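J.: Fold the following, please.
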Amino acid sequence: MTENLQIPLREKNIVFIGFMGVGKTTIGQLVAKKLYRDFVDIDVEIEKTYKMPIPQIFQEFGEPYFRQIEKEFIIDTCMNTRLKIVSLGGGAYLQKEVREVCLSHCIVYFLDLSWDSWKSRLPLIIDSRPVLKNKTLDEIEELFLKRLDAYSLHNSKIRIHDQDAETVADHIAESIKITWDIYQPQD
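T.: Next comes the predicted model:
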């Protein structure tokens, strides 16, 4: 990892982490509009580059290969761009190098949703998430709970239970603006 070059707070990328299906892309796109920044969905960028959907990459090349290219995309985005809103795939943040580069170069927001709230979303997302294929509900819950350890390493946690995406995005955008003013007031 290269040294953090002391990126000014206002120029840091803002990264959204959390379990698959919690709304990282939806909320990230809304926050990007509110802060006049470009939005980057790492999974979409990988799909564009490989000209195939993530489930097909998993099927043809396997999860270890996918995790490696995912890590490369994230590190490149976090270290070589600024002023972006970035959504990571649910499993990306489990990689130590990804966590380190995100925490040292970006502002990391954990979108926290309870298991019971998330479980109701399962029918909407199960077919598009290769990690969930052929898993029982108990196995999925175990995966959900296991990932919480990695997600606990963040700059800010937003509990999104019973809140619509617009409300969450408003809260995040306002908290970011306040933080910018407190820690780096404009002259």
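J.: The longest strand anywhere in the chain - which strands sit beside it in the sheet, and in what orientation?
T.: When the chain is parsed with DSSP state E, its longest strand is strand 106-112. Strand 106-112 pairs in its sheet with strand 13-17 (parallel), strand 156-159 (parallel), by DSSP bridges.
J.: Please name the residues that touch the nearest residue in space to residue 179 that is not next to it in sequence.
T.: With C-beta to C-beta, 6 or more residues apart in numbering as the criterion, residue 179 has its nearest non-adjacent residue at 7.2 Å, and that residue is residue 9. Placement of C-beta: from N, CA and C, glycine included. For residue 9, the contacting residues are 107, 179-180, 183-184, by C-beta atoms under 8 Å, 6 or more residues apart in numbering.
J.: Same list, the strands paired with strand 106-112, but as a markdown table with distance to residue 70, mean neighbour count and mean pLDDT please.
T.: Shown next, in a markdown table, are those (distance: least, C-beta to C-beta, whole Å; neighbours: other C-beta atoms under 10 Å; pLDDT from 0 to 100):
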| stretch | distance to residue 70 | mean neighbour count | mean pLDDT |
| --- | --- | --- | --- |
| strand 13-17 | 13 | 26 | 98 |
| strand 156-159 | 23 | 15 | 96 |
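J.: Select, out of those strands, the one closest to residue 149.
T.: Closest to residue 149 of the strands paired with strand 106-112 is strand 13-17 (C-beta to C-beta; 12.3 Å).
J.: Run through who's touching the closest one.
T.: 24, 27-28, 31, 35, 37, 77-78, 81-88, 92-93, 102, 105-111, 151, 154, 176.
J.: Which stretches in this protein count as helices?
T.: According to DSSP state H, the chain carries its helices in the segments 24-35, 42-50, 54-61, 63-80, 96-105, 115-119, 122-125, 137-151, 165-183.
J.: which of these sits most buried?
T.: helix 24-35 (a mean of 20; mean count of other C-beta atoms under 10 Å).
J.: what angle sits between it and strand 106-112?
T.: 130 degrees (axes from the mean of the first three to the mean of the last three C-alpha atoms, to 10 degrees).
J.: which other helices and strands contact helix 24-35?
T.: Applying 3 or more C-beta pairs under 8 Å, 6 or more residues apart in numbering; DSSP states H and E, we find helix 24-35 packed against strand 13-17, strand 38-41, strand 84-87, helix 165-183.
J.: Mind listing residues that contact that helix?
T.: Contacts of helix 24-35 (C-beta under 8 Å, 6+ apart): 14, 16-18, 37-39, 41, 84-88, 111, 160, 165-166, 168-170, 172-173, 176-177.
J.: follow-up on the earlier one: flag whichever of the helices and strands packed on helix 24-35 has the least confidence on average.
T.: Ranked by mean pLDDT, the helices and strands packed on helix 24-35 bottom out at helix 165-183, which scores a mean of 93.
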